[in-house]
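*Asks:* kindly return the folded structure for what I paste below:
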Amino acid sequence: MANTCFGYYRHYVPPLFPLPVFNQVSVSSDSTCVTIPFTRAGNLILIRAKVDTTEGNFVLDTGAPGLVLNITYFREYAVNTATGDQGGITGAVADVARARVRQLSFNGVTYHHIDADVINLGHIESAKGVRILGLLGMELFGRFEMVIDYKQNVLRLHLMAGKESPAGACGLLSDTSAYATVPIDVIENKIIAHVSIGSKKLLFVVDYGAETNVLDSRLSDKVLDHVTVSRRILLSGSGDKKVEALYGTVNDMSIGSQHVQSVPILITNLEKMCFSYNYCIDGMLGFDYLSLHKVGFNFMKRKMYIWK
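*Replies:* Take a look at the predicted model:
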């Protein structure tokens with residue numbers, strides 16, 4: 001079976017002025033501190049959520065820009081065709097439409113009148129053997145402090161009132177000696193981490209929809225010489241086709257002060273993962289790295305927390 005790596009993106013023609021980092025989604029919560037249990041389909045995180053009257057499994061996918069709906073269950077929502085290019089690591093996604101959702105909710109967190117992309121996720125359902133209604137992307141979490149804990153199988157959220165809200169108000173970050181703080185960028189609803197392989201500084205998307213780490217095959221030998229290739233595999237993404245990729249381990253990788261001696265990685269062409277202003281990424285941090293640690297984010301303060 002092929003590995004899964006959504007890497008779903010939306011690429012618009014650049015406007016005259018830069019877009020805001022997060023669109024202004026309307027969100028409310030029964031509590032400022034929310035704990036959300038999750039299950040897994042393979043290495044994908046599944047959260048129970050409801051769109052209007054339809055309830056089921058959604059994939060937590062920080063590589064997606066916002067809410068994405070599976071057209072199988074939301075065909076009547078697909079009211080207009082999206083502008084720009086949509087796709088992912090395996091290429092373009094056919095028949096993408098835009099829709100307006102009246103309400104999205106999970107575990108006391110509620111969003112009102114938000115836009116969504118509508119695409120076919122049937123091939124992901126077939127690969128995982130589970131019904132998947134859609135993807136929960138970055139736009140939905142821009143006002144939260146978030147901690148993802150694979151060991152406990154929970155997602156913890158702290159709804160922040162503003163940029164100056166105290167970090168860890170829900171006790172998420174109270175023990176500062178337990179984790180390292182790493183600066184991140186947030187560009188077009190994508191988490192960008194600064195990663196070093198050897199002496200080369202690279203930009204990686206932090207993607208909880210990716211089942212493994214990914215490295216761009218177009219990088220220089222100064223980077224690729226740190227990868228030991230073991231085999232070839234087929235890779236499935238948000239498009240319905242598969243592409244061949246190399247699989248191996250990368251050595252001498254660092255994220256902030258956190259050094260990783262050896263971690264699994266895929267090598268494939270990431271040309272299709274460029275987004276506006278010709279801004280391209282060098283790789284993706286997926287399950288094979290993210291599952292090793294409890295990881296947190298403060299999107300307003302542009303910080304990532306990696307537990308030791």
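*Asks:* show me where the stretch 101-250 of the chain has helices.
*Replies:* Remark: helices assigned in the stretch 101-250 of the chain by DSSP state H, counting those that start in this stretch are 122-128, 221-224.
*Asks:* residue ranges with poor pLDDT in the chain?
*Replies:* Applying pLDDT under 70 to the chain flags residues 1-24, 78, 80-95, 162-169, 236-241, 275-278.
*Asks:* can you tell me the centre-most residue of it?
*Replies:* With distances taken as Cα atoms, centre = their mean, the residue of the chain nearest its centroid is residue 62 (1.9 Å).
*Asks:* got the contact list for it?
*Replies:* 137, 138, 141, 190, 191, 206, 207, 208, 209 (Cβ atoms under 8 Å, 6 or more residues apart in numbering). From N, CA and C alone the C-beta is placed, and that goes for glycine too.
*Asks:* quick one: the last one from residue 190, how far?
*Replies:* What it means is residue 209. To residue 190, residue 209 is 12 Å away according to Cβ to Cβ, to the nearest Å.
*Asks:* tell me the buried residues in the longest strand seen in the chain?
*Replies:* Counting by DSSP state E, the longest strand found in the chain is strand 242-255. Going by neighbour count (16 or more other Cβ atoms under 10 Å), the buried part of strand 242-255 is 242, 243, 245, 246, 247, 248, 249, 250, 251, 253, 255.
*Asks:* just the C-alphas of that strand, formatted as CSV.
*Replies:* In CSV, the C-alpha atoms belonging to strand 242-255 read as follows (Å, rounded to 0.1, in the frame of the first residue of the first chain):
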residue,chain,number,x,y,z
LYS,A,242,0.2,8.1,-7.2
VAL,A,243,3.8,9.1,-7.8
GLU,A,244,7.0,7.2,-7.2
ALA,A,245,9.3,8.4,-4.4
LEU,A,246,12.5,7.3,-2.7
TYR,A,247,12.4,6.2,0.9
GLY,A,248,15.3,6.3,3.4
THR,A,249,16.7,8.0,6.5
VAL,A,250,18.1,11.5,6.9
ASN,A,251,21.0,12.1,9.3
ASP,A,252,22.2,15.2,11.0
MET,A,253,18.9,17.1,11.0
SER,A,254,18.1,19.9,13.5
ILE,A,255,15.0,21.9,14.3
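*Asks:* neighbouring strands for that strand, and are they parallel or not?
*Replies:* strand 190-197 (antiparallel), strand 227-236 (antiparallel), strand 258-268 (antiparallel) (DSSP bridges).
*Asks:* how about those strands in JSON lines, adding mean neighbour count and distance to residue 33?
*Replies:* Below are the strands paired with strand 242-255 laid out as JSON lines (neighbours: other Cβ atoms under 10 Å; distance: least, Cβ to Cβ, whole Å):
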{"stretch": "strand 190-197", "mean neighbour count": "21", "distance to residue 33": "22"}
{"stretch": "strand 227-236", "mean neighbour count": "15", "distance to residue 33": "36"}
{"stretch": "strand 258-268", "mean neighbour count": "18", "distance to residue 33": "27"}
